[in-house]
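K.L.:
The following block contains a protein sequence and its predicted model.
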Amino acid sequence: MNGRAGAVRNRLAPESPAWQNGPLPIEKLDLEAQLMAIAPEQTNTRPRRARAAVTAVERLRLEDVSVFYGNTPAVKNVSLSIRQGEVLALIGPSGCGKTTLLRTLNRLTELTPNASHSGRVLLDGEDTDDIVDTELRRRVSMVFQQPNPFPMSIFDNVGFALREQSRKRPRRRELEPLVDHALQRAGLHDEVRADLNRSALRLSGGQQQRLCIARAIAQEPEILLMDEPCSALDPRSTAVIEDLILQLREDLAIVVVTHNLQQAHRIADRVAFMYLGDLVEAGETEQVFSDPREEQTREYIAGVFG
Amino acid sequence: MLERLRRPWSDHRAEQLLGAVACLLAIGIILMIVFIVRGAWPTFSHLGLSWLGSGGNLDNQVGAMVNTSAHPAASAFAFHAWPLIWGTLLTAGFAVLFGLAISLAAAIFIVDFAPPFVQRTMKPVIRLLAAIPGVLYGLIGILVLVPFIDKHILTTAEQNSVINVIQLSGGGLGVTILLVTLMITPILTALITDALESVPRAWREGAIALGLNPLRATIAVSLRAIRPAIVAATALATARALGEAVVVSMVSGGKAFAPNPLDGKIFFLEPVETLASEIVRQADNLSIPVLHSTLYAIAALLLFSSFALSLASYLIRLPMRRYQVSN
């Protein structure tokens, strides 16, 4: 980590320890203004993560992963490591393969008839192609861009995967503690505990998305994939979910796809920038934002394209 | 004059016209009920609910009616409709059961599993099948299926074993169920396919992302979500099966016999007559007052059961709608 990044971190996050000193370079002063210009409705660029994650254990490793739709490559030769206790943000302009890469991690791309992939994705050292797909998707859970609660009660939504997994249909009394716990972790419990039998479709958009998170973490996955989880939500709900992501990263490895640079800056410990299917640059959030190694990254962050 | 017609209608006038059409429809239905109940009245006033029961040979009872006078005695009304009711329950019940199973499987395949080109072909083909006039099925039944069964499936020993009770000829419960199933399956499939397609893809995808296999995801989320539509489609198909007259009268064997499930294989070869097909069969004899009233009574029962069906479908769907967006 070089001095300039530390300086920016100081400026952006005053509460973080002043672990680096040095002159503030002029060209970096504009970063915050540039970030604001990209998404003027959200002026808060301060990182929410008060401290870096402590235990970073590698859970998922991508080795030279390429994904094709027919003969068209959507993701080209990506190698990346995803660690528990960290939030990894995938950023990049629309159509750059972020979502495709994310969906490769739980083999959801297999639902697309002409999709194929090469390279290896290792979950705790085990090739995901060797894991039964349903088993893999229990361990690598996913939250989608649009909240997609099922047309059932809140309770049935959160207990859905738990019920489907068990051989014998568990009684409600057995599921209750697990459902409550998942709702608590998703920060939704206080708002809905009065009536868990309400239809999930009558919750607000932000509540629905938190319900989907609760549903995804109810079966205690190891990895949580989030595909632009806040893009359909208002700023207040977005803030709630960002806080939630930072709490969840303690027990999970989290990958967030986002087109919102401020969001990536606020919540991610590490950032991977993709462009036209290539992984251009991946690294610590502060380094990527303040001192990108690649020119393309610099231009994207400065709002030149995308 | 033309100029006046061409001018756009005011909302008020359009409302009145549409209201008038709706009222006309309602009046038509009420008149139909009044006529049928009035026509059936002599029968029910003489026999009461015993009319619905069993007893005697129904064909003989009808035969006796043909010879009654214009001012019949009360005894002339003797008629026990149970064989017809039983026949209707059997054909409609089995046909809807088989039809529902087939169309659920077909709809799931078409919507969630078939490759796109199969999807594109199957959907119009099923709509085409749904549009085929029923009498064509009857024709195929009487020309192909009944002779086939008579020749290859029905044995002489089986015919002889019941020779004292009934004559077996190939036509009967089995062919009837088969053809009615064929008639209602396309429309059921089309309705369920439409409903399944209206389920947001995100629901099924979400279920798969939670670790369900695709078939299980379809059943646990998509099918569950369209339960009301399945019930409504089933009610429609049941109504069609109940009312199917021409096809049944063509292949059912021409005897108002109540097939006995204890007869094993012969059960499906025994002749059967339904409420609707009996009306078709006796349509020539309407000038005879007793028979006239009896047929009206059958019609009243059919009308009542279709109302009961609508009501039941509504009541079954009520609790299913609890978790849907609207309401």
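P.N.:
Everything's here; your move.
K.L.:
Which residues of the stretch 101-250 of chain B lie near chain A?
P.N.:
Within reach of chain A by C-beta under 8 Å from any C-beta of the partner chain, the stretch 101-250 of chain B has these residues: B:115-116, B:200, B:202-203, B:205-214, B:216, B:220-221, B:224-225. Where C-beta positions appear, they are placed from N, C-alpha and C, glycine not excepted.
K.L.:
in stretch B:190-210, what's buried?
P.N.:
Buried residues in stretch B:190-210, counted by 16 or more other C-beta atoms under 10 Å in any protein chain shown: B:190-193, B:195-197, B:199, B:202-210.
K.L.:
Please give the centre-to-centre distance between it and its chain.
P.N.:
What separates the centre of stretch B:190-210 from the centre of its chain is 28 Å, taken as C-alpha atoms, centre = their mean, to the nearest Å.
K.L.:
Start and end of it, how far apart?
P.N.:
Terminal residues of stretch B:190-210 lie 30 Å apart, using C-alpha to C-alpha, to the nearest Å.
K.L.:
any chance you could map the helices in the stretch 151-300 of chain A?
P.N.:
Secondary structure of the stretch 151-300 of chain A (DSSP state H, counting those that start in this stretch): helices at A:154-165, A:172-185, A:189-192, A:205-217, A:235-248, A:261-267, A:285-290, A:295-301.
K.L.:
Compare these and give me the one nearest B:Ala107.
P.N.:
Nearest to B:Ala107 among the helices of the stretch 151-300 of chain A is helix A:154-165; the distance by C-beta to C-beta comes to 21.7 Å.
K.L.:
quick one: the closest one to helix A:172-185, angle?
P.N.:
Relative orientation of helix A:154-165 versus helix A:172-185 (axes from the mean of the first three to the mean of the last three C-alpha atoms, to 10 degrees): 110 degrees.
K.L.:
Tell me which other helices or strands the helix or strand containing B:Trp41 touches.
P.N.:
Here B:Trp41, judged by DSSP states H and E, is contained in helix B:11-47. Under the contact criterion of 3 or more C-beta pairs under 8 Å, 6 or more residues apart in numbering or on different chains; DSSP states H and E, helix B:11-47 touches helix B:289-320.
K.L.:
in the helix it packs on, what counts as buried?
P.N.:
Quick answer for helix B:289-320 (16+ other C-beta under 10 Å): B:289-303, B:305, B:309, B:313, B:317, B:320.
K.L.:
For it, give the mean pLDDT please.
P.N.:
Here helix B:289-320 scores 91 as its mean pLDDT.
K.L.:
can you check stretch A:73-92 too?
P.N.:
For stretch A:73-92, the mean confidence score works out to 91.
K.L.:
tell me which residues in that stretch are buried?
P.N.:
Across stretch A:73-92, burial judged by 16+ other C-beta under 10 Å covers A:73-76, A:78, A:80-92.
K.L.:
just checking, which of the residues you listed belong to strands?
P.N.:
A:73-76, A:78, A:80-84, A:87-91 (DSSP state E).
K.L.:
From those, pick the one nearest B:Ala81.
P.N.:
B:Ala81 lies nearest to A:Ala74 out of these, by C-beta to C-beta, at 67.8 Å.
K.L.:
rewinding a little: could you figure out how far the helix holding B:Trp41 is turned away from helix B:289-320?
P.N.:
Relative orientation of helix B:11-47 and helix B:289-320, computed by the same axes, to 10 degrees: 120 degrees.
K.L.:
for helix B:11-47, which positions count as buried?
P.N.:
For helix B:11-47, by 16+ other C-beta under 10 Å, it's B:36-37, B:39-40, B:42-44, B:46-47.
K.L.:
give me the low-pLDDT residue ranges for the stretch 1-150 of chain B?
P.N.:
By pLDDT under 70, the weakly predicted segments of the stretch 1-150 of chain B are B:1.
K.L.:
Okay, helices next: where are they in it?
P.N.:
Along the stretch 1-150 of chain B, the stretches classed as helices by DSSP H, counting those that start in this stretch are B:2-6, B:11-47, B:58-66, B:82-108, B:116-131, B:134-140, B:146-148.
K.L.:
The stretch 151-300 of chain B now?
P.N.:
Assigned by DSSP H, counting those that start in this stretch, the stretch 151-300 of chain B shows helices spanning B:156-161, B:173-197, B:201-209, B:214-217, B:224-225, B:227-243, B:246-251, B:275-281, B:289-320.
K.L.:
Quick check: which of those is nearest to A:Asp64?
P.N.:
Closest to A:Asp64 of these is helix B:201-209 (C-beta to C-beta; 24.8 Å).
K.L.:
other SSEs contacting that closest one?
P.N.:
Here helix B:201-209 touches helix B:214-217, going by 3+ C-beta pairs under 8 Å, 6+ apart.
K.L.:
ok so A:Gly119 is a strand residue?
P.N.:
Yes: per DSSP: H, G, I helix; E, B strand; the rest coil, A:Gly119 lies within a strand segment.
K.L.:
who are the neighbours in contact with A:Arg270?
P.N.:
A:86-89, A:282-285 (C-beta atoms under 8 Å, 6 or more residues apart in numbering or on different chains).
K.L.:
mind redoing it with 10 Å?
P.N.:
Contacts for A:Arg270 (C-beta atoms under 10 Å, 6 or more residues apart in numbering or on different chains) come out as A:53, A:56, A:80-83, A:86-89, A:255, A:264, A:282-288.
K.L.:
same question, A:Ser237
P.N.:
When contacts are taken as C-beta under 10 Å, 6+ apart, A:Ser237 is in contact with A:147, A:204-210, A:230.
K.L.:
What of B:Arg281?
P.N.:
By C-beta under 10 Å, 6+ apart, the residues touching B:Arg281 are B:59, B:62, B:245, B:248-249, B:252, B:254, B:256, B:273, B:295.
K.L.:
Relative to chain B, how far out is the residue positioned nearest the centre of chain A?
P.N.:
Among the residues of chain A, A:Val256 comes closest to the average C-alpha position under C-alpha atoms, centre = their mean, at 1.7 Å. According to C-beta to the nearest C-beta, to the nearest Å, A:Val256 stands 16 Å off from chain B.
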